[in-house]
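[1] Need coordinates for the below:
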Amino acid sequence: MMASFMSYFGGRRDPKQSSRDAIVTLRQQLQMIEKKEEYLQKQIDEDLKKAKANAVTNKAVATQALKRKKLKEQELDRLQSTRFQLETQVNTLESASFNAETMAAMKKAAGALKDIHGKLTIDKVDATMAEIQEHMQVANEVSEAISNANYSGVEIDDTELKAELEELEQEELNGRLMGADHVPVHHPAGPSKVEDRHAAVEDDEEAQLKELQAALAM
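    Numbers count the residues shown, from 1 in each chain. Sure thing, here's the model as predicted:
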């Protein structure tokens, strides 16, 4: 009642609610038209049945039945045309309502994006990124300076390093040679001389020593 009163005097109504009310009203009217169409179709069928039944025995009754049938068919055509118009309006209102709700959602999303970005601009983003790069560069320079400071003031004698390296090399060679003495040597079956066996062992040791020296020289 209050809504109708405000509407009558030009009060502002919610467009979404107004669209829904109009769609509901149109659908109710469509239901009434469909019921009336069903009623007319039944009467048309009865008139046609009556005309057929009296077509031979009573032509006057048959003719009147056909006239009523024609009139009701014309009224049915008008109802069908009206129903088509109402269905078109319903579809148009539903489409417009959907478009309006879609636009409202998009507008809300745009407002949310605006709130998120705030006063953020491309220039501010570039400035922030440049500042980050600058701080990262300073951090790298500090780390490099600290690592270099660990070796500042330390003098290293190359001759001493070379002598220590040669000593380690000799120890490694000696260790490998001692290990080679314990490696079993396979001899083929058959008689052999003691001198040949000793010579083979010496040749094998000499070959291993040369191989180790060549490997360390690489």
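[2] only C-alpha atoms for contact and neighbour calcs from this point on.
    Noted.
[3] Pull out the buried residues from the helix or strand hosting K42.
    Using DSSP states H and E, K42 maps to helix 15-53. Buried residues in helix 15-53, counted by 16 or more other C-alpha atoms under 10 Å: 19, 23, 26-27, 30, 33, 37, 40-41, 43-44, 47-48, 50-52.
[4] which helices and strands does the helix or strand hosting M106 pack with?
    M106 belongs to helix 59-117 when assigned by DSSP H and E. Applying 3 or more C-alpha pairs under 8 Å, 6 or more residues apart in numbering; DSSP states H and E, one finds that helix 59-117 contacts helix 15-53.
[5] The helix it packs on packs against which elements?
    With contacts taken as 3+ C-alpha pairs under 8 Å, 6+ apart, helix 15-53 sits against helix 59-117.
[6] mean confidence score for the helix it packs on?
    For helix 59-117, the mean per-residue pLDDT is 91.
[7] what's the angle from it to helix 15-53?
    Angular relation of helix 59-117 and helix 15-53 on a 0 to 180 degree scale: 160 degrees, by axes from the mean of the first three to the mean of the last three C-alpha atoms, to 10 degrees.
[8] Quick check: next helix or strand after helix 59-117?
    Toward the C-terminal end, the helix or strand that comes next after helix 59-117 (DSSP H and E) is helix 122-149.
[9] Low-confidence stretches in the protein?
    Confidence mapping of the chain against pLDDT under 70 gives the ranges 1-13, 148-156, 180-202, 205, 209, 212-218.
[10] centroid residue for it?
    In the chain, the C-alpha nearest the mean C-alpha coordinate belongs to A109, at 19.0 Å (C-alpha atoms, centre = their mean).
[11] gap between that one and T57?
    For A109, the distance to T57 (C-alpha to C-alpha, to the nearest Å) stands at 77 Å.
[12] cool, and D123?
    99 Å.
[13] Please apply the same query to D21.
    Counting by C-alpha to C-alpha, the gap from D21 to T57 is 55 Å.
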